[in-house]
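Trainee: Curious how this folds, go ahead:
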Amino acid sequence: MPDLRGQFYTDMLGICIVLMICLSAVHSQFPRACTTEAAFRTKTCCPLWKDNSPCGSLSGRGRCRDWTPLRRNKIPQVNDDRLDWPRFYYENSCECHGNYSGFDCGDCKHGYFGDKCDRKKMIIRREIRELSFLEKKRLFSYLALAKTTKSKDFVVLITGDRHHRETYRFIDASLYDVFAWMHYYAMKPILINNTFDLIKNFAHQGPAFPGWHRLAILFLERQIQMMTGDDDFAIPYYDWRGEKNCSICTDDLLGNNNAQGILTPYSHFSFWKAICSGFNYPDAYCPTADTEYKMERLHRKPGTTPYALNMPTFLDVENTLKLKEFDTPPFNETSLLSFRNALEGFLAPDGVTLKRSMHNLIHIYLGGTMSQIPISSNDPIFILHHSYVDKIFEQWIAKYNASPSAYPENNEFGQSPTDCITPFFPCYQNKDFIRKSTEFGYRYSVYNDKE
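Mentor: Have a look, this model is predicted:
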């Protein structure tokens, strides 16, 4: 990659990652208020709310609860800092009442707004090509702001050696980079008995896949709403069914690229860089996050991968929706007759042929940053892609009137029905996202008359 240290964007983004918080033997992340020495010593993440009480208890928002009785049994010798999230680090954390939510109960549940979280609101996620000129301008302005605005609530974890927690430290990151880092962090191989399982992670290749990504999009959407004060903001989707090429890969939308795959200077995202890029070894977490000039610029090469020359068809989506079982044993990338595995794209829509399809095929087709799955969330086309994947998930839920009971019991680490989704606060259980999107305050538009 070329050295871009002199670029304007380097100067602009640099201010977002100057401040570092160095902690000795610290092995968790996210809520800034819970990355203190006292929080880790007491294993407590119950920040004071505005009423100066933990979790807003004096105002009835929540309480500080001991979760250790719910600790998962029979966890093997643990080296991985994400197993049994978040109890591995915080035995005490906030339990929020009513419609309150957030790591300190200072926010509202998805779909609720207002100081008392008593205002229910439904937003509509629309296909990006349905947006007006001004709506597109707002979208790109908000994304630029998210990329350049330091998160006031969250920090990210970096380390040079996952075997030695004295190397762990936290740094500031922009709001969008926090989101991108979450995907990277959840995707790192699981470390058990000092051995990395290069296949297993917490966000893919198992029944947690649809819910993990649904929650991630909800997180970014809500953070942008709070950052801008715009409760009407909704992340759009990209309906890629039957596309012969990436029709939104233009400079007025998600960006065109040159022959080398670098986004053109006229793209909204031409100077975006990918946090955690350039270093994807299993034994480290994002060690280049505090060295901005070492990060790669976003790049794409749509339609140039020989085995991914086309995107999924209308029929592919229809056939995927015919699979009634949410997931099937062995609950991994070899599961047959599994809606989850076909949607994720390790299984063809016929339900019996193991091949790349659907979600995975889009990542491969787009190439570049999107094809480097751990860091793919750095490319904003990721959120449009996953918003559409979520729409298909929503159609499946509606078709079969599915509920949390459809989530199967399994022994995959981090993917059981009651496991907390890594690394979100408060604890969201995997099974709870097999619910209609209207319960989370959003729905999807109908786009294209073949739908």
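Trainee: use CA for all of it now, contacts and neighbours both
Mentor: Noted.
Trainee: quick one: buried residues of the helix or strand harbouring Arg222?
Mentor: Secondary-structure assignment from DSSP states H and E places Arg222 in helix 209-228. Of all the residues in helix 209-228, those buried under the rule 16 or more other C-alpha atoms under 10 Å are 209-218, 220-225, 227.
Trainee: Give me the helices and strands touching that helix, please.
Mentor: Helices and strands touching helix 209-228, as assessed by 3 or more C-alpha pairs under 8 Å, 6 or more residues apart in numbering; DSSP states H and E, comprise helix 133-148, helix 175-187, helix 339-344, helix 381-400.
Trainee: Can you say which of the ones you listed is packed in most?
Mentor: Comparing these by mean neighbour count (mean count of other C-alpha atoms under 10 Å), helix 339-344 comes out on top with a mean of 29.
Trainee: who wins for proximity to Gly160 among the helices and strands packed on helix 209-228?
Mentor: With distances scored as C-alpha to C-alpha, the stretch of those nearest to Gly160 is helix 175-187 (13.8 Å).
Trainee: What count of nearby residues applies to the nearest residue to Phe209 once chain neighbours are set aside?
Mentor: If the residues on either side of it in the chain are set aside, Phe209 comes closest to Ala203, at 5.2 Å by C-alpha to C-alpha, 6 or more residues apart in numbering. When neighbours are defined as other C-alpha atoms under 10 Å, Ala203 has 24 of them.
Trainee: wouldn't Ala203 be in contact with Ala216 here?
Mentor: No - with contact defined as C-alpha atoms under 8 Å, Ala203 does not reach Ala216; the gap is 10.2 Å.
Trainee: any idea how far Pro287 is from Met122?
Mentor: In this view, Pro287 and Met122 are 40 Å apart by C-alpha to C-alpha, to the nearest Å.
Trainee: Okay, angle between the helix holding Arg222 and helix 133-148 too, please.
Mentor: 90 degrees (axes from the mean of the first three to the mean of the last three C-alpha atoms, to 10 degrees).
Trainee: Could you check how far helix 209-228 is from the centre of its chain?
Mentor: Taking the mean C-alpha point of helix 209-228 and that of its whole chain, the gap between them comes to 7 Å (C-alpha atoms, centre = their mean, to the nearest Å).
Trainee: who touches that helix?
Mentor: 110, 142, 146, 175-176, 179, 203, 230-235, 340, 344, 383, 386-387, 390, 393, 421, 430-431, 433-434 (C-alpha atoms under 8 Å, 6 or more residues apart in numbering).
Trainee: for stretch 369-384, same thing?
Mentor: Residues from elsewhere that reach stretch 369-384, judged by C-alpha under 8 Å, 6+ apart: 176-177, 179-181, 183-184, 187-188, 217, 235-238, 254, 273-277, 280, 298-300, 363-365.
Trainee: Any idea how far that stretch is from the middle of the chain?
Mentor: Centroid displacement of stretch 369-384 relative to its chain, using C-alpha atoms, centre = their mean, is 10 Å.
Trainee: in it, what counts as buried?
Mentor: Result for stretch 369-384 [16+ other C-alpha under 10 Å]: buried residues 369-371, 373-384.
Trainee: Now do Leu13, the pLDDT please.
Mentor: pLDDT, the model's per-residue confidence, is 34 for Leu13.
Trainee: my bad, should have said Ser174
Mentor: 95.
Trainee: What is the neighbour count of Asp115?
Mentor: Other residues near Asp115 number 11, with proximity taken as other C-alpha under 10 Å.
Trainee: coming back round to it: how about the residue nearest to Phe209, secondary structure?
Mentor: Ala203 falls in the coil class when you classify it by DSSP: H, G, I helix; E, B strand; the rest coil.
Trainee: if I look at it, how far off is Asn360?
Mentor: Separation of Ala203 from Asn360 (C-alpha to C-alpha): 13 Å.
Trainee: hang on, the earlier thing: give the full set of residues in contact with the residue nearest to Phe209.
Mentor: By C-alpha under 8 Å, 6+ apart, the contact list for Ala203 reads 183, 186-187, 209, 212-213.
Trainee: at 10 Å instead, please
Mentor: With contacts taken as C-alpha atoms under 10 Å, 6 or more residues apart in numbering, Ala203 has the following neighbours: 182-188, 209-213, 414-415, 421-422.
Trainee: Now do stretch 235-255: distance from first to last residue.
Mentor: With C-alpha to C-alpha as the measure, stretch 235-255 spans 17 Å from end to end.
Trainee: Can you mark which positions in it are buried?
Mentor: The neighbour-count criterion (16+ other C-alpha under 10 Å) identifies 235-241, 246, 248-251, 253-255 as the buried residues of stretch 235-255.
Trainee: Could you do stretch 270-285 as well?
Mentor: In stretch 270-285, residues buried by neighbour count (16+ other C-alpha under 10 Å) are 270-277, 279-280, 282-285.
Trainee: need these in CSV with distance to Arg443 and secondary structure, can you?
Mentor: Supplementary listing: the buried residues of stretch 270-285 in CSV, determined by distance: C-alpha to C-alpha, whole Å; DSSP: H, G, I helix; E, B strand; the rest coil:
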residue, distance to Arg443, secondary structure
Ser270, 31, coil
Phe271, 32, coil
Trp272, 30, coil
Lys273, 31, strand
Ala274, 30, coil
Ile275, 30, coil
Cys276, 32, coil
Ser277, 33, coil
Phe279, 37, coil
Asn280, 36, coil
Pro282, 37, coil
Asp283, 40, coil
Ala284, 38, coil
Tyr285, 35, strand
